[in-house]
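Engineer: no FASTA, just this:
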């Protein structure tokens, strides 16, 4: 168990989050990482830009892996979008092109808005968990 209270808070947050809330966390982190990548590209910090873009690729790969392709057409459409974003991230990394980074971030931001709406709806309909149950 993490000794740092902040680490413990983060651990409990992830362990008790719904699927939609976890997706929101992943999307937000990906967008943050892309901001860092774009900043690194502009400052010509190639190693940092590379590392941030690889991390963004890993997050998109996790999003792809989380899909239940048996769930229907929406999952298939998301897979196609994630595949496209993966290819664009590789291209952005090879070319160190901030415009491609911005394009991927715009896609993820749009999808984030949808997941945030789902997470809000889930929170409204999900019963509250007593504090004693989470300890």
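Structural biologist: Cool, the structure landed. Everything quoted here is computed from the prediction, not taken from an experiment.
Engineer: CA only for contacts and neighbour counts going forward, please
Structural biologist: Will do.
Engineer: Can you give me the pLDDT of residue 8?
Structural biologist: At residue 8, the model reports a pLDDT of 58.
Engineer: In contact with residue 93, which residues?
Structural biologist: 49, 50, 53, 54 (Cα atoms under 8 Å, 6 or more residues apart in numbering).
Engineer: For the second one, which non-adjacent residue is spatially closest?
Structural biologist: Same thing as residue 50. residue 93 (6.0 Å; Cα to Cα, 6 or more residues apart in numbering).
Engineer: secondary structure element for that neighbour?
Structural biologist: For residue 93, the enclosing helix or strand under DSSP states H and E is helix 73-95.
Engineer: need the next SSE after that helix, C-terminal direction.
Structural biologist: Counting by DSSP H and E, the next helix or strand C-terminal to helix 73-95 is helix 98-125.
Engineer: now that following helix and helix 73-95, what's the angle there?
Structural biologist: Relative orientation of helix 98-125 versus helix 73-95 (axes from the mean of the first three to the mean of the last three Cα atoms, to 10 degrees): 150 degrees.
Engineer: okay, the residue nearest to residue 50: pLDDT?
Structural biologist: Looking at residue 93, its pLDDT reads 98.
Engineer: and if you look at the one 4 residues further on?
Structural biologist: Predicted confidence (pLDDT) for residue 97: 98.
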